[in-house]
Every structure is written in structure tokens, then in C-alpha cells.
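missing the sequence, but the structure's below:
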């Protein structure tokens, strides 16, 4: 009788593995006991095994929470088991002995097999992304209520691929399996023919029957080892168990009564509704704080649906949409749908001529036009006027630079952050579009270079086929091998001798000094957890709006710790930390980009970049892996361990390389522009057979014409630095900088 079984093993007691040759962990997750769970326990006892039940006595927070309990169990029992057989707790039964189960599992010749079902739930939109085998299969889609896997494979899948430990408790376990399979068809195999697992939801009478003490699938002609009554109705499972002789009539009556009570109370439905209510609008992406939803916190939910529909209309990939609609930066301004230019249109009509004689043309500008330009755009044109590729003949040109100021300097062509106008083009941007279209050689932007430096993650107007060279460019708005992610020029300057200081002579492992505000990235609020006051110095002050408002606007980003953080902040200067640190932390602020990236490189410090969805400057050109460290945002708190694991010899190599890269490509606004032109020249106007060699030569030697560039190109003009300081930093911050360094 099932009522006599009491083989429940709690999460904390999984320390002794079975002594058999093939060590199989049979497990399930349940927060409480119901008579139905005893059916699963009874079936395990009949084959000489015990069901390990995890989660008893805990609150069921969601299906992501369920997967996390599985992951914790795997981590705690690594090395003790070879295989995992997972089954849902309240509606499953095991019919086969372990040797048969293992034989069936091994017949798939894959480290993981997941039960199949009729519906692609809860992601019906991903049905089209399933493997080809789903097209004609009986049980087309994954069901998370039953699966078997090699122990270490499952551990890696959950922790390294799905990253469930970094996702919300509200994530859906079945949804996560569907999504990982949609992204990689080899993640696991679906048991399409009910060889190992049988689901019952949607089955018609006679599809699955009891026969000779087992269950038999009349459609596939198989005898599944495990049956799972997915869905609300447990009646079909009870009927099969009685027919197979696994339940007495007395047991059947008891469980039927329990079933009737649950249905009358709508217990299962109410539980599901409670989870749905609690988990509405959760962020499905891996995060450092997975239960936070910044879109909701920032009041951006009304815009999210519109952005999703816009991306669907653009036929964006589902995974991109899932990330993009939860990325705060996407709500800063209007980002137009990009036109992906065919390769043939990105070279001039004389493509071979441009390969042999690459030329750059600056549209002439009148004195009135120059006066109307921002200081930074005048400097952009002045720097490019020194290019060895310059031509005054537009018919000979391969790349055109407009006489229209498209820099969007001081955010002049975008609305204020999060104003809700993501569908509206700013009037200044609309004006720029009209001005560009009136250029005599525009030709839908082909062969034109647009340089933009705003905080937006995109060019906030339609570039058509033009090359976009932009600071803070997002992966969502970057056309690979076409657009260029620009760095910002350094507002804090260091001498060459200062940045040559060797890594061994720098006492700090990692430093950061900056401010936080109500809407600077959430990463900055986490930095005090990493600060140890010894070799990791991470200082974050609450002074964006000025000291007179500190402590008065808690909801605006200030809290009780601000005074303490302010005292720590004043113990070090920005320049001191940059010059004495092996590594410098780079996190986003109001945009993805930061002056800090260029500045710490100028100090000879290796950048540690913790910004998701950011296209690194000159990503198609530079060997970033040799002079920087990139860490996903969800791993921020592991940065110290990650850096300490890098051998000292490797750190020394990276530090020397960061100095080389800075001095060749980052020293000023002018050198940065010449670098952008070189990336476009190599990517687009160079014979494909020669691109790798030219790239490598540029990395090793820099520009061959660098020594001939004038001083106003090799250093950022004072007028630009002054204008940037006035535009980007409040007065109180400029006054408080003891070393004159205004960091963001």
C-alpha cells in the first residue's frame, strides 16, 4: 500500500550514494507532502531505490526556484552519482528497473534526454525554433517533468549554459529547457516516441494503456519507463496504475477522493495563479540581482510592449528581443530600425580602385557652417583633414565625411532620458536626416561616415547605408564589419612615463572612483561589497546632484551609507588610483560608454569591463583579449577572484599591451578618428585576402603616418575638453575634484 511508504529523504541528507556500479540519483522537488508523492516513492522502492525529495518545508517561489534547488543538489553531490533521473513529484510513477532505464537512456547516445509532449508551453512562439526532429514527431516538444542525464552534463547545463543561479525564481523550468534547445539543438534530445518517458496531457483514450503490469503506448509501440500526468488532471494516471496492478481499489478510492478535493478547491489552479501574479513582468535574463526588474522600477513598463512589437515587426531574433526589451539603455531615446547594407553597396562604384587607392573626401564647409558646428565636430573634421587619404575630388572618393554636424554633442539630437518617446524622432534628428539626404553624393548614405558621441546606445536617426562611428554603441544597434564603436577621448591626461609604470609596481589590484545617481547603472550600487580597503579600492559617492541634496532624496538614489561612502571617497584621488592600480573597473553610467575607459588605459591600467551589450571600441580591429578583462554583469562580485587567478606574467604582458594600444590608437580624439577610418578601410575597402595581414600590421606598428600628424591631432584640443567638461559634469563636481579629474 502506498500509505505505508515513508522513504522521504530531505535535501540535507543526500550524503551517501548507492554502492551500485551505475550510481543513479532519482530526485524530485516538493515543498510539502501530498498522498500523490507517495506513488513516486512507492515506485522507487519497488526497484530498490529511494527518491531524494528536495525543498520540503520551503516556500515555492516559482519554477526557477525549482531549478535552483535541483542545481544546489547537484553541486552538493558532485562525484557521488553518475546519472540523474528527475521526475515531477505529485503525478509520476517509475515502471522499470534501473538496468532497463539505463539501457533506454543510452540508446539515445546523448548525455541528456527530456520527455516529450504535444505542446510548446510556455513558449509557443519558439515552436518554429525546435529541432527538425520535432516536425514529424509524436511528442514534439520538451517537458521538464521528466528527464535523465549524465550527472556532470546536467550540472554544467544548468550552471554554465542556462545560468539558472543568476535568473529569477520566477523563470519557468520548462521554458528554460525550450529556450536552451532553441539556441542550441544539441543541448539535449527530446524523447519523441515515449521510449523512456510518457506524458499524459493531451493523450486520447487508448493512446496509453496498462498491459502486463506496465504501460504501453499504442501509437509508438513502446513501453515507457516513467509516466508523468502533466497538467491538472491526475485521473488518467490513477486509471493506468490500477490497470497495471500498482494500486488497490482502496488506494484508488482514497486518491480519487483527494483528487476530487483538490479539484473542488481548485488547489492546483490557485497555486499556479499565485505564481503567475507574483511573477508578472519578471526579467528572464541572467542578472546580478535576478529578482530586480529595472524596467518596472524606472516606470518603463508602458513602453516595453511597444518596443517588443517594434522588434517583432523588424523580425528580430527572439533571444535578442528577450534581452533588449529588459535593457534600460534601450529606453533612452528613439533607435531606428537599421538597414543592413549588402556588401556590394558598401564600396564605391569603382571597388577595385578603392582597394588600390583608398581616398577620403570632406564635404566643403562654409564659414557659416563651421560656426554652427559644435567644437567637437569642428575638431573631427580638422583631424580628418590631415588624413593621408584625403582627396578634393569627390569622384575619386571611397569615403565621404559630411559638412553636417551629426555628433549629437551634449545630447542635442535626442529627448531627455526615459521620457517615453522611443517611437518619436527628435526634431533635431529629423532635421539632420533631411540635411544628409540633401548632400549631393548621399546616395542613401552609401560610403558616408557619420560620427556621433551621445549617450544613446544607437544613432538616434536613420543612417541608411552609411557607416556609423559612435561612442557607446550597443550590440543591438551595431552592424558587424560595418559600423565602428568609438571610445570617448580622455578628459584626464597622463604622461607617457606615468603609464609605463610596471604592473608589479602598482600596489592595488583593482580600483574605481566615481559617482552614482538615481539612474546610473545598478552595478555601481554593488561596488561597496567588493571594496576591501586593501588591494581592491572601489569608491562610489552619492553626489551627482550636489551635497546639499544628499540624504534628503532616498528614492532618488541616496541612502544612509552616503556619508560613510563620501568619507572613503575623499581618501583617494582619481589620478592616484588609476596610476597605482593593475586593473581598473569599467561599469556603465548614463550610457554604455565612459571617458574612464580611455583614461585608465592612458594611465597604464588594464580595464576590467563589466558592461553587457556594449560593443568595445574598434572591436573588429583590436585584440581586446590581450589587454583587457571582460566579465558578465552577473559575475561582478566574482571579479576579485577572476583577477587573482591571472598569472603575474600574464598581467605584466597585458599591462604592456594596454600602453601600446593606447599610444597607437586612443591618445586623442584625432587618433581615435584615424583608427575608425582604418577599421573601415580594412573591413570594407581592402582585398579580403589581405585584410588579416593589414590588420596585424596595424596592431603591431600603428599608423605609418602617425609621426607626420600635427600636434592638434595627437592631442585633444582644449576647446573640446572645456566644452565636454561644461556639458557632462555639474558645477559642484568640478569644484570638488582635488586633482582636477572629473570622472563619470
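That came through fine. Since the structure is predicted, the reported quantities are computational estimates derived from the model, not experimental observations. Residues are numbered from 1 along each chain as shown.

count the neighbours of residue 701 for me.
Look at residue 701: counted by other C-beta atoms under 10 Å, it has 10 neighbours. All C-beta atoms are positioned from the backbone trio N, CA, C, and that covers glycine.

also residue 57?
With other C-beta under 10 Å as criterion, residue 57 counts 10.

begin at 25 from now on, thanks
Taking 25 as the first residue, the last one we looked at is residue 81.

was I right about it contacting residue 54?
No. In this structure, residue 81 is not within contact of residue 54 by C-beta atoms under 8 Å, at 9.9 Å.

now stretch 632-649: buried residues?
632-646, 648 (16 or more other C-beta atoms under 10 Å).

revised request: answer the last question for stretch 79-99.
Residues of stretch 79-99 classed as buried by neighbour count (16+ other C-beta under 10 Å): 79-80, 84-95, 97-98.

out of those, who's nearest residue 476?
Closest approach to residue 476 among these (C-beta to C-beta): residue 88, at 39.0 Å.

what secondary structure does the closest residue to the closest one other than its chain neighbours sit in?
Nearest residue to residue 88, sequence neighbours excluded (C-beta to C-beta, 6 or more residues apart in numbering): residue 195, at 3.1 Å. Secondary structure, DSSP: H, G, I helix; E, B strand; the rest coil: residue 195 is coil.

show me the contacts for residue 195.
Residue 195 makes contact with 86, 87, 88, 91, 188, 306, 308, according to C-beta atoms under 8 Å, 6 or more residues apart in numbering.

next one, pLDDT for the residue most central in space within the chain please.
Computing the C-alpha centroid of the chain and ranking residues by C-alpha atoms, centre = their mean puts residue 636 first, at 5.3 Å. Residue 636 is assigned 96 on the pLDDT scale.

mind listing the strands for the stretch 375-524 of the chain?
Applying DSSP state E, counting those that start in this stretch to the stretch 375-524 of the chain gives strands spanning 384-386, 414-415, 423-425, 473-476, 491-495, 508-510.

with mean neighbour count added, can I get the ones you listed in CSV?
Output for these, formatted as CSV (neighbours: other C-beta atoms under 10 Å):
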stretch, mean neighbour count
strand 384-386, 21
strand 414-415, 16
strand 423-425, 24
strand 473-476, 24
strand 491-495, 26
strand 508-510, 25
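
which one of those strands lies nearest to residue 399?
Counting by C-beta to C-beta, residue 399 lies closest to strand 473-476 out of the strands of the stretch 375-524 of the chain; the figure is 13.7 Å.

for that closest one, give the mean pLDDT please.
For strand 473-476, mean pLDDT is 98.

residues in contact with it?
For strand 473-476, using C-beta under 8 Å, 6+ apart, the contacting residues are 401, 404, 423-426, 430-432, 460, 483, 487, 490-495, 510, 697, 700-701, 704.

my read: residue 589 touches residue 549, true?
No. At 10.6 Å, residue 589 does not count as touching residue 549 under the criterion of C-beta under 8 Å.

between the two, which is the more surrounded one?
Per other C-beta under 10 Å, whichever of residue 589 and residue 549 has more neighbours is residue 589, with 19 against 15.

now that one: which helix or strand?
Secondary structure assigned from DSSP states H and E places residue 589 in helix 586-593.

kindly report the same for residue 319.
In the assignment (DSSP H and E), residue 319 maps to helix 318-321.

buried sites along that helix?
Quick answer for helix 318-321 (16+ other C-beta under 10 Å): 318, 319.

related to what we said a few turns ago, secondary structure class of the residue nearest to the centre of the chain, three-state.
Following three-state DSSP, the label given to residue 636 is coil.

and it, how far from residue 355?
Distance, residue 636 to residue 355, using C-beta to C-beta, to the nearest Å: 16 Å.

what does residue 340 give?
When residue 340 is compared with residue 355 (using C-beta to C-beta), they lie 16 Å apart.

also residue 178?
Noted for residue 178: a distance of 37 Å to residue 355, by C-beta to C-beta.

just residue 600 next, same as before
Distance of residue 600 to residue 355, given as C-beta to C-beta: 36 Å.

so which of those two has more stuff around it?
Comparing residue 600 with residue 355 by other C-beta under 10 Å, the one with more neighbours is residue 355, at 23 against 18.

that one and residue 445 touch, don't they?
No. At 9.6 Å, residue 355 does not count as touching residue 445 under the criterion of C-beta under 8 Å.

what's the neighbour count on residue 165?
26.

confidence score at it?
pLDDT, residue 165: 98.

try residue 574
Listed pLDDT for residue 574 reads 46.

leaving out the residues flanking it, which one is nearest to residue 263?
Distance criterion C-beta to C-beta, 6+ apart; nearest residue to residue 263, sequence neighbours excluded, is residue 234 at 7.9 Å.

surely that neighbour forms part of a helix?
No. Counting by three-state DSSP, residue 234 falls outside a helix, being strand.

residue contacts, it?
By C-beta under 8 Å, 6+ apart, the contact set of residue 234 is 240, 263, 264, 265, 266, 267, 268.

ok, what's across the strand from it?
Residue 234 has these beta-bridge partners by DSSP bridges: residue 239.

what's the helix or strand for residue 281?
helix 273-289.

over to residue 144?
Assigned by DSSP H and E, residue 144 falls within no helix or strand.

gap between it and residue 299?
Distance from residue 144 to residue 299, by C-beta to C-beta: 20 Å.

more crowded one of the two?
It is residue 144, of residue 144 and residue 299, that has more neighbours when counted by other C-beta under 10 Å, with 21 against 18.

next, the contact list for the more buried one, please.
150, 151, 154, 164, 165, 202.

now do the first one, the pLDDT please.
The pLDDT attached to residue 150 in the predicted structure is 98.

excluding its backbone neighbours, what's nearest it?
residue 206 (4.8 Å).

on that earlier part again, give me the distance from the helix holding residue 319 to the chain's centre.
Chain-centre distance of helix 318-321: 17 Å, with C-alpha atoms, centre = their mean, to the nearest Å.
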